[in-house]
Each structure stands twice: as structure tokens, then as C-alpha cells.
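Novice: 3D, please:
(chains A and B)
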Amino acid sequence: MIDKDAKFLLEVRGLSATVAGVEILKGIDLTVRAGEIHAIMGPNGSGKSTFAKALAGHPAYTVTSGEVRYQGRDLFSMAAEERARAGLFLGFQYPVEIPGVSNSSFLRLAYNTVQGARGKDELDPLEFDDYIKEKMRLLEIPPGFIDRSVNDGFSGGEKKRNEILQMAILEPRLAILDETDSGLDIDALRVVANGVNHLLTPENACVLVTHYQRLLNYIVPDYVHVMEGGRIIKTGDKALALVLESRGYDWVIDEHRAKGEEAATA
Amino acid sequence: MSAVTAQHPYVEALLTGSRQLPALPVSWLNARRGEALERANALTVPTPRDEEWRFTDITPLTRLAVTPLAAAPRLMMADIAHLIVPEASAHLTFVNGTFSPELSATAGLPYGVVVNHLAAAITTHGAVIEPHLARHAGFEHELFSALNTAHLHDGAFVWVAGNQKCPTPVQVLYLSTQKDTAAHPRCLVLLESGAECTLIEDFVGLADGAYLTNAVTEIVLADHARLQHVRLQREARTAFHIATCAVAVARDANYVSNSVTLGARISRYNLNVAEHGEGAACRIDGLALIGGRQLADTHTSLDHRCPNTVSEQLHKTIVNDAAHAVFDGKVLVREGAQLTNSAQQSRNLLLSSKARIDTKPQLEIFADDVKCAHGATVGQLDAEHVFYLRSRGLSEARARNLLTYAFGAEVIDRIPVPSLVESLERIVLEQTQTES
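Specialist: Have a look, this model is predicted:
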């Protein structure tokens, strides 16, 4: 939902970042307002996941230039955990397995940590149990799921559902979902997408990083961005995703290159 | 008894007590004890020059001045009540190696389950004991097993008749209460065909100062028998603990071991599992959680002698301060043991820059159609794991604490006794958490 008067949640200006000395992000600009859904698409290696992780504060990425404001604050002055407490959520492409920690105690610990930071009441195990059951119903997650170790031995689809369950519990202002659709069959995709749709309000926003248009049939974006070579090279509406699906990325890249040459010769 | 003196004054001192042991009413056992004494006299004390003791220098142990046991302290049931696992239906308690009937309880066991001390059982179950006692834990080349066997006059005895199940765990508690002493606890577990049991062996130090526990456990599983063996070593941090457990697993029998090492200044645990029947299987999980200047050495040998045998092993160590953990894991697949399936993992977490781990997984395969995997990791916490937790709002210190806890909890969670899981998880929490 686009509302030009809505609050800015995320303002990215000229963001460049390196991993192990290699420049992956080369000047990204992106503005996300409350209530909006953005899709970032692009070929492999275009920097989509790097962008998502850099926003969440992954220590492997070094920001070399540019600025990111999150709800008006300088995002890079905040530690990863501060960003999470302030409502930034990253749904991982590859959620890690943590044998030895039950999913329920992990979820409660995360919930209470974030609640505490937001000045809200923490929940004891029984209260949390009631709270989480509601969220699990929404995502059609079976009850035994939270008694297992975090992601340990989960199928790809179960891991992704667990990410969205965490999103449901932490109630983020800005959710960045990194290839949440990969590894999901069509039924799981529908369930996960329904869950995400249910969680979106005019107060929060979502950035979907995805390879495929398929997800966007279920979660309809307000903006579709094409990323290539560490930059956003084209932005359109949901119709752009359909064109990308049928024609691929090459034409966008060619178009961008032609524009660049035009600008150079002009 | 032999009048020969041992090669090393230290061994001689350890053997002094054995020469005063009364003869047993069974001649075969006297003979076996005599053989062990002869071997103990002949064997030398292992040093780091011996491959099997390369990383474990027991020189401090050889300096232990072993004095005879003073009169056993008066321990009351109330003194040890906190050590008794509530789930256990029976427990045998040994104080400094001596059976304590007043601290033991064996009433109400189901039909076909015998839990008693060996000195009594040898008169009632001599025929089932004779083929096995001191037959599985070799002492020909093993000084400490020879020393233990030379002292053999009592011990724990667990026997489960064919197709009988002991529904609740049996606990054997070995308490050490006196410094400058040596105890040689012994345990024999016999599960007949199709029998099932859970055994908890618990070594607890109630004394400060140096002492030696030198234990030998023999476990014999007949066809289709199943044993869950939980072993806790929580000796005093000033103690020496050396133990050998020999397990014979027959056709389609199943042995599961969870061993947790927390105590002792220097400890060495040898676990030797022989799968000598087709379809035999074992799962061996271990955790050593040490700090200070502790040294914890685990040697395991998983011997696949028959086709279709399975072994699965996860050995973990968490090493803090200037402590040192050693793991040597042999997996042997003998000629003809086709379709063996073996997976071994050694995973080690170093919490300080002075902590040390030596790990040596070894595969020896003499069959050509087998599936064997092994691997070892040594290091600090995975940065991706830490980031994942931070991205959910946890502080870095909190994330690290949780991951360290989880590293240990993965092994502890597999223990089939809930009260032990709970108390051990608390210990892991207490010993791994830094200020957040």
C-alpha cells in the first residue's frame, strides 16, 4: 500500500559495502515507507543477500560509503541486536541449526529480550505458550514443532516457517525476507505468504528478496526493484515482476547499460 | 600370592593393599587375581613416550603418596540423598571402593533383575559370573586394569535375565572421601538375551586433596539385549581418575553410552566396545567440560568384528582456562565386517587462549563394502550462529553464552534420565557463562 505521506522507515543513500575486501554493493538507493511492500529481484551474485545482511548488521560486511537511516536513526551506529530490538527483522535465507536449545526457549528468550528493550512486559513460559500457539495456528505449524531444537533437522520448508514464526512473534517494523520462498513447495509457499500478509499493517513494511515472481503472486509488492552489479538499476510496480518472469534480466541490464552510454556520450 | 616386587615403587605402593586381601571362596577368581598381580608387577608405568599416553602425562599421579584407608567415615543416607537419582529403582554405593550396604537400596526390583555387590553375588550367580568377570577388560598390557584386577574382591553386579526389562535405571555410586588413598572400583553388568536396562555409574569426590580412583567396568550384552549406560565422572578437581570400560555386544544387541566428564585433575577413560555379533549397534556420546588446569583424556575403541554392525559417536569437549582435553577415537572394521556403518564426530570448543585440545579420530578398515565417516572440529563459536542470535535481539555475550550452553546440552539432552539432564544442564550453565 503506497501512501506518500507515510513515515519513512528506511532511507538508503549511496550504500557501498565490501566483503573480505571485495566490493559487492556499489551505491544503493532505496526508500521504504510504512505500509509498503518492496521486492528486490535480480540474478545470482547481484548483491541482494549482501544488501539484506548488511542492513541487519552482519559482521562480515564492511560499509565503505553511503548512509542508511532507519526510522530516522543512523542504522550503522546500531549493533545488530539494537537493530533487532528497534524492529528490524531479517528472515534468513539459510537459518542456522542450534542443537541443544529448544525452539520454544529460544523464541521466548528472543521475544522477552525484544519486549524488554521496548519497555513492554515479558512473558513467563505459560503465558508465552498461549501467545505462541496463536501465532503457530496462523502459520499452520504443528504443536511439536517448538519442542525441537532450533532448526535442528528441520526441512528447508520448516526452517522458513520458523523464520516467519519469529517474525510473527517479534512484530517488526521492517521485515527483510531473504529468499524466504526458496525451498518451499507450493503449499508451504501459500502458508508462509498468508502468514506474512497477515502480519503486514499500515505501520510496518516488508522488503522481499527473491529470485522468482511466484512469491509475488501471493505477496503483492508495491515496488519491484531489479538489482545488478551491486546497484538497483530499475524500479517498477508489480507488472515489472511479470515481465522479468517472461523475459529474464538481460534486457534490463542492456537497457541500463545503454542509458549509461547515452549519459556518457551526452 | 606373588612375592615379586613391582618395577616401579609407585606400582609397588599401589599393590601393597592387594597383598593383604583375603582369598576368595572361588578358586578361579583367586587365580585371575594372581595373574593380574603378576602382570601389574611386570608392566611399567605409561609415559608420554607410549603412543596411547602421548598427550597425558601422569607423572603427578606417580607422586601420590598412597596411604592405607583409615576407618570408613560414617556416611548416612541423608548425606548422599542428593546424589541418588530419583528415577533409579535401585542403587549400590561404594565408599572408597568398599561396598556400603547401609547406603545401598535394592528392594523392589522386578523379577529377573539382580543388583547386588559382587562378593555376595559370586556365591549365588557364580556360574554366570565366571565366564565374564575379568575376561573382557584385558590386563595383559594395561597396567591400571591389572592393578584393579589384582585388587578384585568386590564390586557392583547387575544381571538381567533373558527378555526381562528393568523399567527404571540402576545407579552405582562410587564415593571418594579420603585423600592420599587409592580405590579400585569394579562393576560387572550382564544382560541376557533380549534383556533391557539403564545403568548409571556415578563417580563422586567428597574429599579434597589428591586421591586415585582406578575403575574397571565390564558389560556383556547377549543377543538382542539393550543397555543405556550413563556415566558421570565428578571427582574432586584435585583427584586422579583412571577407568576402563569393556563392552561386548552380541548379535542385534544395542549399547548406548552417555559419558560426562567434569571432575579430576587428570582423568583418563578408556571405552572399548567389541561388536562381535551381526547387527550389533552402539551409540557413544561423550562430553568433557573442564577448566582450571584439568586434563581429561578419553580413548575409545569401537571394534566392528561382524557384518552389518553400526557405531555412531559424538564426542564433545568444552575447554576453559588452561585445561587440556584429549580424544583418541579408534574405529576398527575387521576383515569380513561388510556393510559396517560407522559415523564418528569429535567436536571441540575452546573458551580461552590457553585451553588445549588434542583430537585423533582414527579409522582402520579391512573390509571393502562399508560406510564410514569421521571428522573433527576444533575452535570457537561459529560467527554465523552468533549473528543469527544477535539478529533476534540477543546481546553478543548472551548469544555466546547460549551457544556454549547448547554445545554441551546437545550431548546432555540425549541422556535418558530427566533429573540428570536437568542437573547437568545447570552445571553446564554455571561453568560456561560469562558476564553479559
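
Novice: tell me where the stretch 51-200 of chain B has strands.
Specialist: Under the criterion DSSP state E, counting those that start in this stretch, strands of the stretch 51-200 of chain B are mapped to B:90-95, B:98-99, B:113-117, B:156-160, B:170-176, B:182-183, B:186-191, B:196-205.

Novice: could you do chain A as well?
Specialist: With strands called from DSSP state E, chain A shows them at A:8-19, A:22-33, A:37-41, A:61-70, A:73-74, A:88-91, A:98-102, A:149-150, A:174-178, A:205-209, A:223-228, A:231-236.

Novice: chain center to stretch B:37-52: distance?
Specialist: Distance, stretch centre to chain centre, for stretch B:37-52: 20 Å (Cα atoms, centre = their mean, to the nearest Å).

Novice: stretch B:395-411 vs chain A: in contact?
Specialist: Yes - judged by Cβ under 8 Å from any Cβ of the partner chain, stretch B:395-411 and chain A are in contact via B:395-396, B:398-399, B:402-403, B:405-410. From N, CA and C alone the C-beta is placed, and that goes for glycine too.

Novice: which other helices and strands contact whichever strand or helix holds residue B:405?
Specialist: Per DSSP states H and E, residue B:405 falls inside helix B:396-412. When contacts are defined as 3 or more Cβ pairs under 8 Å, 6 or more residues apart in numbering or on different chains; DSSP states H and E, helix B:396-412 packs onto strand A:98-102, helix A:103-117, strand B:254-261, strand B:281-290, strand B:310-319, strand B:341-350, helix B:383-390, helix B:418-432.

Novice: that older thread, do you know which of the strands of chain A lies nearest chain B?
Specialist: strand A:98-102 (3.3 Å; Cβ to the nearest Cβ).

Novice: okay, angle between that closest one and helix B:396-412 too, please.
Specialist: On the basis of axes from the mean of the first three to the mean of the last three Cα atoms, to 10 degrees, strand A:98-102 is oriented at 90 degrees to helix B:396-412.

Novice: average pLDDT for strand A:98-102?
Specialist: Strand A:98-102 shows a mean pLDDT of 89.

Novice: so what strands line up beside that strand?
Specialist: Strand pairing for strand A:98-102, determined by DSSP bridges: strand A:149-150 (antiparallel).

Novice: contacts for the strand it pairs with?
Specialist: A:97-103, A:106, A:162, B:406, B:410, B:413 (Cβ atoms under 8 Å, 6 or more residues apart in numbering or on different chains).

Novice: which of those count as buried?
Specialist: Burial by neighbour count, 16 or more other Cβ atoms under 10 Å in any protein chain shown: within the contacts of strand A:149-150 this picks out A:98-103, A:106, A:162, B:406, B:410, B:413.

Novice: so can I have JSON lines of the contacts of strand A:149-150 showing distance to residue B:302?
Specialist: As requested, those are exported to JSON lines (distance: Cβ to Cβ, whole Å):
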{"residue": "A:97", "distance to residue B:302": "26"}
{"residue": "A:98", "distance to residue B:302": "28"}
{"residue": "A:99", "distance to residue B:302": "22"}
{"residue": "A:100", "distance to residue B:302": "24"}
{"residue": "A:101", "distance to residue B:302": "29"}
{"residue": "A:102", "distance to residue B:302": "30"}
{"residue": "A:103", "distance to residue B:302": "32"}
{"residue": "A:106", "distance to residue B:302": "34"}
{"residue": "A:162", "distance to residue B:302": "35"}
{"residue": "B:406", "distance to residue B:302": "26"}
{"residue": "B:410", "distance to residue B:302": "20"}
{"residue": "B:413", "distance to residue B:302": "22"}
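
Novice: circling back to that earlier point, out of the strands of the stretch 51-200 of chain B, which comes closest to chain A?
Specialist: Closest among the strands of the stretch 51-200 of chain B, once you apply Cβ to the nearest Cβ, is strand B:196-205, at 21.3 Å.

Novice: okay, buried residues for the helix or strand following that closest one please.
Specialist: Tracing the chain C-terminally past strand B:196-205 and defining elements by DSSP H and E, one meets strand B:212-221 next. Using 16+ other Cβ under 10 Å as the test for burial, strand B:212-221 gives B:212-221.

Novice: so which elements touch strand B:212-221?
Specialist: helix B:143-150, strand B:170-176, strand B:182-183, strand B:186-191, strand B:196-205, strand B:226-234, strand B:240-249, strand B:254-261.

Novice: would JSON lines of these with distance to chain A, mean pLDDT and mean neighbour count be doable?
Specialist: JSON lines is the format used below for these (distance: least, Cβ to the nearest Cβ, whole Å; pLDDT from 0 to 100; neighbours: other Cβ atoms under 10 Å in any protein chain shown):
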{"stretch": "helix B:143-150", "distance to chain A": "33", "mean pLDDT": "96", "mean neighbour count": "27"}
{"stretch": "strand B:170-176", "distance to chain A": "25", "mean pLDDT": "97", "mean neighbour count": "26"}
{"stretch": "strand B:182-183", "distance to chain A": "34", "mean pLDDT": "94", "mean neighbour count": "26"}
{"stretch": "strand B:186-191", "distance to chain A": "29", "mean pLDDT": "98", "mean neighbour count": "25"}
{"stretch": "strand B:196-205", "distance to chain A": "21", "mean pLDDT": "98", "mean neighbour count": "23"}
{"stretch": "strand B:226-234", "distance to chain A": "18", "mean pLDDT": "98", "mean neighbour count": "22"}
{"stretch": "strand B:240-249", "distance to chain A": "25", "mean pLDDT": "98", "mean neighbour count": "25"}
{"stretch": "strand B:254-261", "distance to chain A": "14", "mean pLDDT": "98", "mean neighbour count": "23"}
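
Novice: the ones you listed into TSV, with extra columns for distance to residue B:25?
Specialist: Shown next, in TSV, are the helices and strands packed on strand B:212-221 (distance: least, Cβ to Cβ, whole Å):
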stretch	distance to residue B:25
helix B:143-150	18
strand B:170-176	23
strand B:182-183	23
strand B:186-191	17
strand B:196-205	27
strand B:226-234	29
strand B:240-249	25
strand B:254-261	32
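
Novice: if we can go back for a sec, could you dump the strands of chain A into JSON lines and include distance to residue B:118?
Specialist: As requested, the strands of chain A are exported to JSON lines (distance: least, Cβ to Cβ, whole Å):
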{"stretch": "strand A:8-19", "distance to residue B:118": "64"}
{"stretch": "strand A:22-33", "distance to residue B:118": "68"}
{"stretch": "strand A:37-41", "distance to residue B:118": "72"}
{"stretch": "strand A:61-70", "distance to residue B:118": "64"}
{"stretch": "strand A:73-74", "distance to residue B:118": "72"}
{"stretch": "strand A:88-91", "distance to residue B:118": "60"}
{"stretch": "strand A:98-102", "distance to residue B:118": "38"}
{"stretch": "strand A:149-150", "distance to residue B:118": "41"}
{"stretch": "strand A:174-178", "distance to residue B:118": "62"}
{"stretch": "strand A:205-209", "distance to residue B:118": "67"}
{"stretch": "strand A:223-228", "distance to residue B:118": "74"}
{"stretch": "strand A:231-236", "distance to residue B:118": "78"}
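
Novice: what pLDDT does residue B:22 get?
Specialist: Value for residue B:22, per-residue pLDDT: 77.

Novice: count of neighbours near it?
Specialist: Residue B:22 has 7 neighbouring residues, counting by other Cβ atoms under 10 Å in any protein chain shown.

Novice: how about residue B:418?
Specialist: By other Cβ under 10 Å, 11 other residues sit near residue B:418.

Novice: what's the closest non-adjacent residue to it?
Specialist: Distances taken as Cβ to Cβ, 6 or more residues apart in numbering or on different chains put residue B:87 closest to residue B:418, at 7.0 Å, once the chain neighbours are dropped.
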